[in-house]
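Pasting the sequence and the predicted model now:
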Amino acid sequence: MPDPRDRAPRVPAHLAALQLAFAIGALSSTPILFRVSELGPSATAFFRTLLAVPVFMMWLRLERVRGSEAGLRFSVSWRREGAELLLASALFGGNILAYAWALRFTSVANASIIGNLAPIFVSLLSFFLFGERPSRVFIVAMLAAIAGVFLLSSGGRLDGGALLGDALAAASALVFGGYLIIVARLRQRLVAAVIMVWIGALSSLGPLLGALIRHEPLLAQSLPGWGALIGLAVVSYAVGQGLLTSALAYVSAAFSSVALLSLPAISVVLGWALLGEPITVEQGTGGAIVLASIFFARRASG
């Protein structure tokens, strides 16, 4: 199948790099906004997706005006794509719900770095589902990442439940890996905007159900509280993911892989600067090992 970049209009390299930089900046705000939200984790996750839907609908309208990429559709065939779309929405809802709860039990550093294990899980799932055998370099990188996670889990404790937070962050990365595989398949048939509209709407149902079961308040009580929710939806999700999707059509995989590794690093610094979370020697060492492992795993998996 042709590379989508062959169909996309060319843009200057510096503009694509600027888009990627803004995307990383927007996405790195995610754990901070989750942490300062006035609402519970489930309710916050609900608003993160629901409030982004209008932005994705405007994006879809602009895409219709510009015209479709060759061979891609603006409408969903529920007979053909319905099951994949529902599964992708369930996985993404589980991803943000697990990540939101992880931040209640562990530090921003641990949640951000462990939550960035998705590329390793993508390769593992591809092996188990499609028989894509990993290389020796990937296997070594995966083992090193596990060692790094153990180091992370040995330091930076917020309370006795921090191990649960680390496990939830790992679960978040695992389900996000499955989500990426399914969305990659959907992108072979549908434009990105229509996928994001449906996933944004459908993935909000799980967190809403969780909030209702736990009797979490669904309305923020102050303007800063609503600001955190809108920031998560518009800045972190819609703008961050939108710019990332756009930039990755024009920059190389190697460059984007290295650049995206800065996400958890920026989040860790923001957690230290804005929330006063200390970074221990164990966390620093473990985080460096995990990030290096992810980089080599991405290189090894192409």
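That came in fine, so what should we check first?

Okay, now stretch 274-290: how far is its last residue from its first?
24 Å (CA to CA, to the nearest Å).

In it, which residues are buried?
E277, I279, T280, Q283, G284, G286, G287, I289, V290 (16 or more other CB atoms under 10 Å). All C-beta spots, glycine's among them, are computed from the backbone N, C-alpha and C.

Tell me how far the closest residue to the first one other than its chain neighbours lies from G287.
Of all residues not flanking E277 in the chain, G271 sits nearest, at 4.4 Å (CB to CB, 6 or more residues apart in numbering). For G271, the distance to G287 (CB to CB, to the nearest Å) stands at 12 Å.

Mutual contacts of the two, please.
A109 (CB atoms under 8 Å, 6 or more residues apart in numbering).

ok, A147 touching I289?
Yes - assessed by CB atoms under 8 Å, A147 is found in contact with I289 at 6.3 Å.

In this protein, which residue sits furthest out from the middle?
V65 (28.1 Å; CA atoms, centre = their mean).

mind listing what it touches?
Per CB under 8 Å, 6+ apart, neighbours of V65: none.

any idea how far it lies from W198?
Remark: distance between V65 and W198 (CB to CB) = 20 Å.

same question, S42
Taking CB to CB, one finds S42 at 21 Å from W198.

Which residue is the nearest non-sequential neighbour of I266?
S28 (3.9 Å).

Oops, could you answer that again for F150 instead?
Using CB to CB, 6+ apart, the nearest residue to F150 is G286, at 7.3 Å.

Quick one: classify F127 as helix, strand or coil.
helix (DSSP: H, G, I helix; E, B strand; the rest coil).

number of nearby residues for it?
F127 has 14 neighbouring residues, counting by other CB atoms under 10 Å.

That one contacts R133, doesn't it?
Yes - shown here, F127 and R133 form a contact pair, counting by CB under 8 Å, at 6.3 Å.

for Q188, phi and psi?
For Q188, the backbone dihedrals (degrees, to the nearest 10) come out as phi -70, psi -10.

Also L190?
Torsion angles, degrees, to the nearest 10, at L190: phi -120, psi 150.

From what I see, it and E81 are in contact.
Yes - counting by CB under 8 Å, E81 is a contact partner of L190 at 6.8 Å.

follow-up on the earlier one: could you report the neighbour count for the residue nearest to I266?
S28: 21 neighbours (other CB under 10 Å).

For F22, see how far away it is.
Taking CB to CB, one finds S28 at 11 Å from F22.

before we move on, back to that, what about the residue nearest to E277, helix or strand, and which?
helix 262-275 (DSSP states H and E).

Report the inter-axis angle for the next helix or strand after that helix versus helix 262-275.
The element immediately downstream of helix 262-275 (helix or strand, assigned by DSSP H and E) is helix 281-300. Here the directions of helix 281-300 and helix 262-275 differ by 160 degrees (axes from the mean of the first three to the mean of the last three CA atoms, to 10 degrees).

Which neighbouring elements make contact with helix 281-300?
helix 108-114, helix 118-130, helix 136-153, helix 253-260, helix 262-275 (3 or more CB pairs under 8 Å, 6 or more residues apart in numbering; DSSP states H and E).

Show the average pLDDT along the shortest one.
For helix 108-114, the mean pLDDT works out to 82.

just checking, what packs against it?
helix 30-36, helix 78-105, helix 136-153, helix 162-186, helix 262-275, helix 281-300.

How about residues contacting the fifth one?
Judged by CB under 8 Å, 6+ apart, the contacts made with helix 262-275 from elsewhere in the structure are 24-25, 27-32, 35, 107-109, 112-113, 115-116, 277-279, 283, 287, 291.
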